[in-house]
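*Asks:* fold the following.
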Amino acid sequence: MFASIFSRDPTKDFGYEIQDPVHSYNGCSFWALHKAVKKGTSEEFSVFVYDAQKQGDSWLSAAKSSMKRLKTMRHPNILTFVDGLETDKVVYMVTESVTPLMEYIQKLTKKSDHLLSWGLLQVAKALSFFNETANLAHHNVSVNSVFVNKAGEWKLGGLDYVTPADSDSAPSLGHLKGYLEPPEYTKGGGGRRNGEKWSADMWGYGILIYEVFKGTIPSRDALQQINNLPELVRPHYPALIATNPKSRTSPSEFIKVCTANRGFFYNNVIDSMAFLDEIQLKSAEEKGRFFGKLSELVESLPEEMCTYRVLPQLITTFEFGPADNSMLPILLKLGKGLKDEEYQKRVIPVVVKLFSSTDRGTRMQLLQQMKFYIDHLSNSIVNTQIFPHIVNGFLDTNPAIREETVKSVVLLAPKLNSKNMNEEVMKHFARVQAKDEQGSIRTNTTVCIGKVAPCLNPDVRLKVLVSAFSRALRDPFPPCRVSGAVGFAVTYEFFSLNDVAARVLPSLCAALTDVDKEVRDQVFKSTKLFLDRLEKVSEKPELKDEMEAKVNAGGVNIVNAAANWAGWAVSSLQAKFTKAKTTDGASDGPNAKPTEGGESPANRSPKAAVRSSGTPSVESNFAPSPLASESVDDWLSSQETKSTFPSSSSTAFVSNSSDGWDDADWNSPIDALPANKAGGLPVISPPPPPPSNRLKSSNANPFADLNNDDIFSAPKTSVKVNLLMPFSHFFLHVV
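*Replies:* Numbers count the residues shown, from 1 in each chain. Predicted structure coming up:
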């Protein structure tokens, strides 16, 4: 039994699974380089293998000494030792996952002198540590002893021939592929005693610079041809390859002269990487300027470098510092390169932390960037940690926040539980669609109701869809009426034939005489769609079950349903925040000061609002048809019992005095147009858009001049909404 225990092969219990060899490293050392993963995980490493059974015993002791030396050498620019195994016949040396330098350069798609100079700076720092701090000589500085990890950091390895700096002996490395010995090591050169302790290594560093920029050096004479090297390094390069070893510059001196006067080691990549290393010590202003330039910088960096070098530093800043929304877009953009397991571990905690912030800018960034991280959020996190903060946005005094909150539900719906989806969301949708003063928000609420319809429970869905779309058809804002007509059409499969005849068609028919032709055209299309379905079933009754197959279906993913809604929803609200202008201390906005009679414009009665404006408001003259009255407001009243919604039989589409819905509250130039008194429906004919306003960017941040005030505080600014783009160009999207 004891014999079997002691005869066990320890390599079988090795904690790493050795995979394919790295062929580009063959012949560069007595080591064989392999890729590897840690058993039981997907974490990647590199393993340097020396197998005496295949390679003989001649370098076995050197391999063991090399692993021991690397294990004790800890420096940011030296290859990181992780684990090892040593037997009489084999040596396994596990390091961080790396790629040989020349293979990395050949595969580099975004190659630049700035990026390569950053790597060469790291090697120079490693040599400064070796020669001047540790008083050691490396002897093997070449492209074969430099490796690049996932973060794009260059690491000095190949510690197989390290000796004390004051040693007179030097190893012979002529057998190594591509190695070019210093002149003093050749016959009659005088050996190491004629130079400084860094002379041999700086010679190798000079060869390294040449091969990084120009490829493999053909001969020693080619070193004199430096015209193809970067211009900034040419004045200092001869000091590296001087024939006299005492004339060669030290690593620290080379770094100094190449950094001064905007030299070879002075560029935006090096400065940015240095800033990231010291970001915890920087002020808020310095961070703000840095993040403003970072988006442009990452476009020039390799993807892996962004993912494993830049992103971890940003995440660390979030974890150990105050939440700063200025870096959120770039953080989420870089996070796309992470595997799902890493994303859950690194990025999601940052997102959850930011959702608890009351800063409006942070909230807006989270809502606009949701498409980048929603797929990585689990259902439990959405319902317990994200959604409770999301719903606050429905009540925000800022229209842009309310609109982005409404649109975010389209992405959140597949992950919400039944209570949150069918009760909480619908309650807020009912209030926003009925009472929000912004026409675009009411329109996008109608759009979202149609998009999330497959996620609603069947018993809730019918009541919601009929009530919401019928109400939209009676809205004074023409795009909202279009959205109601299209909403009926794209959700046709969720209505039974009886509901179509008794509830849907009466609502549509009431809008067939709408004063806006675009509304009428869409209503006619939707009406014909439902009439065709009824006619088909009338001719072939056996089709009824097929047409009503999805009436009771629920909880379906909304991706396919959402695709049908392209091309008609109002685009993102463009809000400009400016100080409210007042005349004689009064304003027509909802927060205006009371008049002499103690009555504020927001609290005037509808009649008073009409009189004060001099022009009847759109809502005050809007009279919905009684044909669409049946059960239209049942859902609305059930969702918000404290609110008084206008009934279908009312003669004016206005809120009560507490709503503040008068003509002064409507900032849209379209909403403020007078109604057609004779027809009983609003005359809303938006003017043609001026060329300068047709393509207004939806990515502008409207919160740059806001302080970190509470999201429920009173608005300090007024919002000017421009909805002048032709409606057919609009499309609901999350920015």
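*Asks:* all strands for the stretch 101-250 of the chain, in order.
*Replies:* Taking DSSP state E, counting those that start in this stretch to define them, one finds strands in the stretch 101-250 of the chain at 136-137, 146-149, 154-156, 163-164.
*Asks:* can those go into a markdown table with extra columns for mean pLDDT, mean neighbour count and distance to Gln225?
*Replies:* C-beta: built from backbone N, CA, C; applies to glycine. Shown next, in a markdown table, are those (pLDDT from 0 to 100; neighbours: other CB atoms under 10 Å; distance: least, CB to CB, whole Å):
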| stretch | mean pLDDT | mean neighbour count | distance to Gln225 |
| --- | --- | --- | --- |
| strand 136-137 | 92 | 23 | 28 |
| strand 146-149 | 96 | 24 | 22 |
| strand 154-156 | 97 | 24 | 25 |
| strand 163-164 | 90 | 14 | 32 |
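*Asks:* for Ser408, which of these is the nearest?
*Replies:* strand 146-149 (37.6 Å; CB to CB).
*Asks:* could you spell out the sheet neighbours of that closest one, each with its direction?
*Replies:* Under the criterion DSSP bridges, strand 146-149 sits next to strand 98-100 (antiparallel), strand 154-156 (antiparallel) in its sheet.
*Asks:* how about TSV for the ones you listed, with distance to Lys111 added?
*Replies:* Putting those into TSV (distance: least, CB to CB, whole Å) gives the following:
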stretch	distance to Lys111
strand 98-100	15
strand 154-156	14
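*Asks:* quick one, which of the ones you listed is nearest to Asp499?
*Replies:* strand 98-100 (63.6 Å).
*Asks:* need the strands of the stretch 101-250 of the chain in a markdown table with distance to Pro454, can you?
*Replies:* Formatted as a markdown table, the strands of the stretch 101-250 of the chain follow (distance: least, CB to CB, whole Å):
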| stretch | distance to Pro454 |
| --- | --- |
| strand 136-137 | 68 |
| strand 146-149 | 46 |
| strand 154-156 | 52 |
| strand 163-164 | 72 |
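*Asks:* which of those strands sits closest to Lys64?
*Replies:* strand 163-164 (16.3 Å).
*Asks:* do you know which of the strands of the stretch 101-250 of the chain lies nearest Leu120?
*Replies:* Comparison of the strands of the stretch 101-250 of the chain against Leu120 by CB to CB identifies strand 154-156 as nearest, at 7.5 Å.
*Asks:* just the element for Arg442, please.
*Replies:* helix 439-451 (DSSP states H and E).
*Asks:* coming back round to it: show me the one of the strands of the stretch 101-250 of the chain that comes nearest Phe14.
*Replies:* strand 146-149 (21.4 Å).
*Asks:* can you list contacts of that closest one?
*Replies:* 46, 79-80, 96-101, 104, 119, 123, 154-158, 208, 308 (CB atoms under 8 Å, 6 or more residues apart in numbering).
*Asks:* please repeat the previous calculation with a cut-off of 6 Å.
*Replies:* Leu79, Glu96, Val98, Thr99, Leu101, Tyr104, Val123, Trp154, Lys155, Gly157 (CB atoms under 6 Å, 6 or more residues apart in numbering).
*Asks:* what does the model give the third one for pLDDT?
*Replies:* Meaning Val98. The score at Val98 is 97. That number is its pLDDT.
*Asks:* was I right about it contacting Ser46?
*Replies:* Yes. In this structure, Val98 is within contact of Ser46 by CB atoms under 6 Å, at 5.0 Å.
*Asks:* stretch 316-328: end-to-end distance?
*Replies:* Using CA to CA, to the nearest Å, one end of stretch 316-328 lies 13 Å from the other.
*Asks:* give me the mean pLDDT for that stretch.
*Replies:* Mean predicted lDDT for stretch 316-328 stands at 73.
*Asks:* what do you get for stretch 350-363?
*Replies:* 87.
*Asks:* and the next element down the chain from the longest helix belonging to the chain?
*Replies:* Selection of the longest helix in the chain by residue count, based on DSSP state H, yields helix 517-539. Once the chain leaves helix 517-539, the next helix or strand it forms, by DSSP H and E, is helix 544-547.
*Asks:* contacts for that following helix next, please.
*Replies:* Outside helix 544-547, the residues touching it (CB under 6 Å, 6+ apart) are Val537.
*Asks:* for that helix, output the C-alpha coordinates as CSV.
*Replies:* The C-alpha trace of helix 544-547 is given here as CSV (Å, rounded to 0.1, in the frame of the first residue of the first chain):
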residue,chain,number,x,y,z
LYS,A,544,-62.3,31.3,-34.9
ASP,A,545,-60.2,29.1,-32.6
GLU,A,546,-57.1,29.7,-34.7
MET,A,547,-57.6,33.5,-34.6
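*Asks:* pretty sure Lys415 contacts Ile381?
*Replies:* No. Counting by CB under 6 Å, Lys415 sits too far from Ile381 to count as a contact (8.6 Å).
*Asks:* show me which of those two is the more surrounded one.
*Replies:* Lys415 (20 against 17; other CB atoms under 10 Å).
*Asks:* and the more buried one, how far is that from Glu253?
*Replies:* 59 Å (CB to CB, to the nearest Å).
*Asks:* do the same with Leu180
*Replies:* Per CB to CB, Leu180 is found 23 Å from Glu253.
*Asks:* good, wrapping up.
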